[in-house]
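[1] okay, structure incoming, though there's no sequence with it:
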């Protein structure tokens with residue numbers, strides 16, 4: 001083997017080494033980037049789930065207080081205990097919202113702000129800070145659940161989840177009320 005062939009062999013080996021190194025580097029970088037995205041998506045999913053869960057807890061506590069105060073259904077605990085539970089749940093909702101602010105995309109954060117505003121109106125009517133009729137109460141509850149659906153849509157989009165929770169395949173749902181209360185005859 002003459003010197004030219006040896007140089008050609010050395011060059012081929014070097015070229016192969018460099019291309020293997022670059023390919024491995026690019027694949028490793030892509031793997032780390034994917035791990036980072038997956039890790040943040042997992043944190044976002046936890047934050048989104050926790051926020052909706054705390055939101056729903058607050059709503060259900062407000063419903064319990066409203067029904068107790070308006071004689072629709074007697075509460076199992078005192079009004080003071082209900083108010084204390086609502087206050088504690090509100091603090092948890094606030095903490096969950098802060099996680100949304102840290103991790104959520106722009107549309108998710110905006111949907112959470114809108115949902116908070118709607119939920120506070122439910123809380124305020126339940127604890128008597130604002131007045132309203134039963135029809136106002138029901139409309140506020142409908143609005144807050146529409147807000148939850150809007151939040152779901154924004155969160156699904158942010159996480160890259162296909163499909164949606166609204167639209168033609170998923171028409172808007174109304175509050176689940178007993179027939180006697182739904183049609184306005186009988187009951188409060």
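    Everything's here; your move. All figures in this text were calculated on a predicted structure; none of them were measured in a lab.

[2] give me the residues contacting the helix or strand hosting residue 100.
    Assigned by DSSP states H and E, residue 100 falls within helix 79-103. The set of residues external to helix 79-103 that reach it, using CB atoms under 8 Å, 6 or more residues apart in numbering, is 40, 43-44, 47-48, 50-51, 53-55, 57-58, 61-62, 64-65, 68-69, 75, 77, 108-109, 112, 116, 119, 123, 126-127. Every C-beta, even on glycine, is put in place using the N, C-alpha and C of the backbone.

[3] what comes up buried for it?
    82, 85-86, 89-90, 92-93, 96-97, 99-100, 103 (16 or more other CB atoms under 10 Å).

[4] export those residues to CSV and tack on distance to residue 149 and pLDDT?
    Rendered in CSV, the data for the buried residues of helix 79-103 read as follows (distance: CB to CB, whole Å; pLDDT from 0 to 100):
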residue, distance to residue 149, pLDDT
82, 27, 95
85, 25, 96
86, 23, 96
89, 21, 97
90, 22, 96
92, 21, 97
93, 18, 97
96, 18, 97
97, 18, 97
99, 20, 96
100, 16, 97
103, 20, 94
